[in-house]
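Engineer: This is the structure alone, sequence omitted:
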């Protein structure tokens, strides 16, 4: 198994979700109504799949090895780049959660615009983030980590996936349900 290909496949899944966010936002604008349950389900999936499932593997496995082994460049790329961007994504999801609660309590134009803005802000952030990881971070790690360290990344990724198979399967079902809302 190529653990970086696993991460890239997860990026494909996340990209489909964030594309759906744009489609749904247009639908919400045209109908002048936000499907609150869709947004709540979306938030759950983004927290559980994009963050806890995907980002966790990056942070605890691949990025950890890159920080340890790739010197100053690896540390700067990870600490000042990817980990900061992960925190920004978490903040954007928090903001989306706050805005959908406000909209649910008061369907004002102001709250409507906040939800749409937060959906599009998160989407754009993740688009750029995924592009950086796929085109810069992953290739750099693959090229510069030793074969032994890449083997450790593989082994730890396999272990993670085996230990979290049920969670993965459940999340994939929830993602499918999201596309049917």
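Structural biologist: It's in. Values in this document were obtained by computation on a predicted structure and should not be read as measured data.
Engineer: For the rest of this, base every contact and every neighbour count on C-alpha atoms.
Structural biologist: Will do.
Engineer: So which residues of the protein form strands?
Structural biologist: Using DSSP state E, the chain contains no strands.
Engineer: Pull out the buried positions in the lowest-mean-pLDDT helix or strand in it.
Structural biologist: One helix or strand of the chain scores below all others by mean pLDDT, DSSP states H and E: helix 71-75, with a mean of 89. Residues of helix 71-75 classed as buried by neighbour count (16 or more other Cα atoms under 10 Å): 74-75.
Engineer: which residues sit against it?
Structural biologist: For helix 71-75, the external contacting residues (Cα atoms under 8 Å, 6 or more residues apart in numbering) are 66-68.
Engineer: just the buried members of the residues you listed?
Structural biologist: 66-67.
Engineer: Among the contacts of helix 71-75, which one lies nearest to residue 78?
Structural biologist: Distance to residue 78, by Cα to Cα, is smallest for residue 67 among these, at 6.6 Å.
Engineer: Name the nearest residue to the closest one, sequence neighbours excluded.
Structural biologist: residue 75 (4.6 Å; Cα to Cα, 6 or more residues apart in numbering).
Engineer: for residue 55, same thing?
Structural biologist: Using Cα to Cα, 6+ apart, the closest residue to residue 55 is residue 86 (7.4 Å).
Engineer: so how many other residues sit close to the one you found?
Structural biologist: When neighbours are defined as other Cα atoms under 10 Å, residue 86 has 19 of them.
Engineer: Tell me which residues touch the most centrally placed residue in the chain, please.
Structural biologist: Using Cα atoms, centre = their mean, the residue of the chain that lies closest to the mean C-alpha position is residue 50, 3.2 Å off. When contacts are counted by Cα under 8 Å, 6+ apart, residue 50 touches residue 14.
Engineer: Let me see the contact set for residue 141.
Structural biologist: 62, 66.
Engineer: Distance check, it against residue 54.
Structural biologist: Going from residue 141 to residue 54 by Cα to Cα, to the nearest Å gives 17 Å.
Engineer: got it, and residue 60?
Structural biologist: For residue 60, the distance to residue 54 - Cα to Cα - is 10 Å.
Engineer: go on, residue 128?
Structural biologist: Residue 128 sits 16 Å away from residue 54, going by Cα to Cα.
Engineer: And residue 163, by the same measure?
Structural biologist: From residue 163 to residue 54 the distance is 14 Å (Cα to Cα).
Engineer: what does residue 87 give?
Structural biologist: Residue 87 is 14 Å from residue 54, by Cα to Cα.
Engineer: These two: which is more packed in?
Structural biologist: residue 54 (19 against 12).
Engineer: Could you tell me which residues make contact with the more buried one?
Structural biologist: Residues near residue 54 by Cα under 8 Å, 6+ apart: 7, 10.
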